[in-house]
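**Student:** Whatever this is, show me its structure:
(one chain, ligands or ions: 1)
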Amino acid sequence: MKLYVTDFDGVEHELEAIEGWRVMEIIRDYGLPIKAECGGACLCGTCHVYVHPDWVDKLYPKTDDEEDRLMEDAVGVEDHSRLSCQILMSDALDGLRVTMAPGSRKD
Ligand code: FES
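**Tutor:** You can find the predicted model right below:
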């Protein structure tokens, strides 16, 4: 199962994804500098990614909590913004493409 992630320099990486894992965890464990301050508890907004337009409608909808975090805490939010800690990998998402968003870079 693959996950494609474009980093802050515009370089795309092919990551091996694991079913049931959060996209944020896969990005972090691969070694890309994602901040993800709250560790996936939907409390910080620093795991913000842009989902490729081809994939937006294939994700399940945002919860109210995810929407609140995006609106209150994330930087540079767009229509195709999601919190990567709230996306769980599954067969249906094999090949998902996301881009790391401003404000989510680990110092
Ligand atoms: Fe904090 Fe996703 S890691 S909201």
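**Student:** list the contacts for the residue most central in space within the chain?
**Tutor:** Compute the mean C-alpha point of the chain, and by Cα atoms, centre = their mean the closest residue is residue 84, 2.5 Å away. Residue 84 is in contact with 22-24, 27, 34, 36, 47-49, 98, counting by Cβ atoms under 8 Å, 6 or more residues apart in numbering. C-betas here are computed from N, CA, C, even on glycine.
**Student:** Swap in 10 Å and give it another go.
**Tutor:** Residue 84 sits next to 3, 5, 22-28, 34, 36, 40, 46-49, 51, 98, 100-101, 104 when contact means Cβ atoms under 10 Å, 6 or more residues apart in numbering.
**Student:** go on, residue 40?
**Tutor:** Applying Cβ under 10 Å, 6+ apart to residue 40 gives the contacts 22, 24-25, 28, 47, 83-86.
**Student:** With adjacent residues omitted, what lies nearest to it?
**Tutor:** Using Cβ to Cβ, 6 or more residues apart in numbering and skipping residues adjacent in sequence, the residue nearest residue 40 is residue 85, 3.9 Å away.
**Student:** Would you confirm that that neighbour belongs to a strand?
**Tutor:** No - under the criterion used here (DSSP: H, G, I helix; E, B strand; the rest coil), residue 85 is helix, not part of a strand.
**Student:** Just to check, it is in contact with residue 66?
**Tutor:** Yes - the pair residue 85 and residue 66 passes the contact test of Cβ atoms under 10 Å, sitting 8.9 Å apart.
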